[in-house]
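Chemist: Got a sequence here, can you build the structure:
(2 chains)
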Amino acid sequence: MPSLKDVQNKISAIKKTQQITRAMKMVATSRLRGAQTNMDMFRPYAGKFTEVLGSLAEKSGAESSPLLIPRDVTNNIHLVLCTSDRGLCGGFNVNLVNAAAKFVNEKSGSGISFSITNFGKKGRDWCRKNDFQMTDEYIGVVGTRFGFNVASNAGQKLIDGFLDEIYDEIYVVYAEFVNMARQIPTVKQLLPIPPIEPAEEEPKDQSSDYLAEHICEPSAQELLGALLPRNIYVQLYSALLETSTSEHAARMTAMDNATKACGDMLDNLTLVYNKARQAAITAELMDIVGGAEALRG
Amino acid sequence: MAGNIRLEVVTPEKSVVDEEVQIVVAPGTLGEFGVLIGHTPFMTTLKLGTIRYNDTEGVERCVFVSGGFAEALPDKVTVLAESAERRRDIDIQRAKSAMERAQRRLEEETEKEDRDFTRATAALERALHRLKLVETKRSL
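Modeler: Residues are numbered from 1 along each chain as shown, chains lettered A, B, ... in the order given. The predicted model follows:
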């Protein structure tokens, strides 16, 4: 039986932990709202962009830009790994890192080398531990408010690397935000740009019709050439936004669970405490009663 | 043809303009172009510069844009830009300090034709455009 004092100490410690987890949950909730607004702001841009790009690609055929052409031999694979800077968000980072590791395992073979660009401290730490070649790291981006220029600067570097044939394929690993409870680690190919599907089926009749009549200035090919690099920035930016939102959602869930677990532990400990107190009182009473009996006897 | 056309200017971070306008004049890469209602479908890249439009009351308004493209449809103009600001939202202080920073960088490495140089030139150009837009309109 633990002593009363021990149980009391434990209870107050857990109460303090609960306070912290509850505060973290609330911070994550408000950040999540901010991140979701960012995502909503970006959606019209991304939607329009993809639509235009799809119809242009349809018009101008496959080999109009070096960014579209796959390499014959793939030797150098580059990964962009998006993770969070901070922990305490459940399995979030572990899942992302595992997805990356699995991907590396699948792709690895003779003569293939990997290099990694890191967004986020957790992914960087993992790369250090496993001796991956790191080209760039961006700390303090994911999970904060960041602008499009972060994505366009990083994206430009990737494109340069691809065109200089330092990398043959570039992939991005990020956490897709499905809903509050689900964030799926996803691997997506950035470069060479996978064949772009024409805009979705439903409004196709109108969209392909009207785009067929579009006057393009400069020509459709040149327009596509100008838009494709920007497409990389858009993809990267959306990956970063999704990861940010997912991080906050994951942290919120994790901290919510922690707060609940603290509550359960407090209930149990209070029970133990009351039992111990009761036992102590009973023991004392027995002493007194025993003493009185002895005197009378 | 009389009537208003819808103008939308969106950046990755927010939607800058979304309103009915009488006319839009935008800086295309191959030259400035104006759009009224009933324009033929048209698509172009934009260069750094100013989009001017008259709102429903006929008041001229300006939006700074850099890096983007525009699509004109008979009833709608969509501009997707990497950055865009209405004239009143331009941060003069920020543009000035950006200009000075870019100038300093250019002086340091005048002969180098590398990427930093191009970046600094582009930054300088953006800053100058912002300032020019603010100043020309103030004198009017």
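Chemist: for the closest residue to residue B:74 other than its chain neighbours, helix, strand, or coil?
Modeler: Nearest non-adjacent residue to residue B:74, counting by CB to CB, 6 or more residues apart in numbering or on different chains: residue B:38, 5.2 Å away. All C-beta spots, glycine's among them, are computed from the backbone N, C-alpha and C. Recorded secondary structure, residue B:38: coil (DSSP: H, G, I helix; E, B strand; the rest coil).
Chemist: tally of neighbours for residue B:38?
Modeler: By other CB atoms under 10 Å in any protein chain shown, the residues close to residue B:38 number 11.
Chemist: Look up phi and psi at it.
Modeler: Note on residue B:38: backbone dihedrals following degrees, to the nearest 10 are phi 90, psi 20.
Chemist: by contact count, what packs against the longest helix belonging to chain B?
Modeler: Assignment by DSSP state H gives helix B:115-139 as the longest helix of chain B. The contact analysis (3 or more CB pairs under 8 Å, 6 or more residues apart in numbering or on different chains; DSSP states H and E) places helix B:115-139 against strand B:49-55, strand B:60-73, helix B:92-108.
Chemist: lowest-confidence stretch among the ones you listed?
Modeler: The minimum mean pLDDT among the helices and strands packed on helix B:115-139 belongs to helix B:92-108 (a mean of 81).
Chemist: show me the contacts for residue 129.
Modeler: Went with chain A since none was named. For residue A:129, no contacting residues are found, by CB atoms under 8 Å, 6 or more residues apart in numbering or on different chains.
Chemist: my bad, chain B
Modeler: Contact analysis of residue B:129 by CB under 8 Å, 6+ apart lists B:48-50, B:64, B:66.
Chemist: again, only this time at 6 Å
Modeler: residue B:48 (CB atoms under 6 Å, 6 or more residues apart in numbering or on different chains).
Chemist: How about the residues of the stretch 1-150 of chain A by chain B?
Modeler: Contact residues, the stretch 1-150 of chain A versus chain B (CB under 6 Å from any CB of the partner chain): A:41-42, A:44-45, A:48, A:148.
Chemist: so which of those comes closest to residue A:98?
Modeler: residue A:42 (27.4 Å; CB to CB).
Chemist: coming back round to it: report the buried residues of the longest helix of chain B.
Modeler: B:117, B:120, B:123-131, B:133-134 (16 or more other CB atoms under 10 Å in any protein chain shown).
Chemist: pLDDT averaged over that helix, what's the number?
Modeler: Here helix B:115-139 scores 73 as its mean pLDDT.
Chemist: Break down the stretch 1-150 of chain A into its strands, ranges please.
Modeler: Under the criterion DSSP state E, counting those that start in this stretch, the stretch 1-150 of chain A contains strands at A:76-82, A:113-119, A:133-138.
Chemist: right, so of those strands, which gets closest to residue A:192?
Modeler: strand A:76-82 (12.0 Å).
Chemist: Tell me if I'm right that residue B:54 and residue B:62 touch.
Modeler: No. Applying CB atoms under 6 Å as the test, residue B:54 and residue B:62 come out as separate, 10.8 Å apart.
Chemist: Between the two, which has more neighbouring residues?
Modeler: Shown here are residue B:54 and residue B:62; by other CB under 10 Å, residue B:62 has more neighbours (18 against 15).
Chemist: how many other residues sit next to residue 3?
Modeler: Since no chain was named, I'll use chain A. Close neighbours of residue A:3, defined as other CB under 10 Å, add up to 10.
Chemist: hm, I was asking about chain B
Modeler: 10.
Chemist: most centrally placed residue in chain A?
Modeler: In chain A, the residue lying closest to the centroid (CA atoms, centre = their mean) is residue A:243, at 3.2 Å.
Chemist: which residues touch that one?
Modeler: Residues near residue A:243 by CB under 6 Å, 6+ apart: A:82, A:142, A:174-175.
Chemist: How is chain A divided into domains?
Modeler: By the assignment in automatic domain parsing, chain A contains the domains A:4-25+A:254-290, A:31-252.
Chemist: looking at the ones you listed, which is buried most?
Modeler: Ranked by mean neighbour count, the domains of chain A are led by domain A:31-252 with a mean of 18 (mean count of other CB atoms under 10 Å in any protein chain shown).
Chemist: which residue sits closest to residue 15, ignoring its sequence neighbours?
Modeler: Here I'm looking at chain A. Spatially, and ignoring its direct neighbours in sequence, residue A:15 is nearest to residue A:266 (6.8 Å; CB to CB, 6+ apart).
Chemist: think we crossed wires, I meant chain B
Modeler: residue A:44 (6.3 Å).
Chemist: Just to check, the one you found is in contact with residue B:9?
Modeler: No. In this structure residue A:44 lies outside contact range of residue B:9 using CB under 6 Å: 10.9 Å.
Chemist: For residue B:77, report the pLDDT, please.
Modeler: You'll see residue B:77 listed with a pLDDT of 91.
Chemist: who does the helix or strand hosting it pair up with?
Modeler: Residue B:77 belongs to strand B:76-86 when assigned by DSSP states H and E. In the sheet, strand B:76-86 lines up against strand B:5-10 (parallel), strand B:60-73 (antiparallel) (DSSP bridges).
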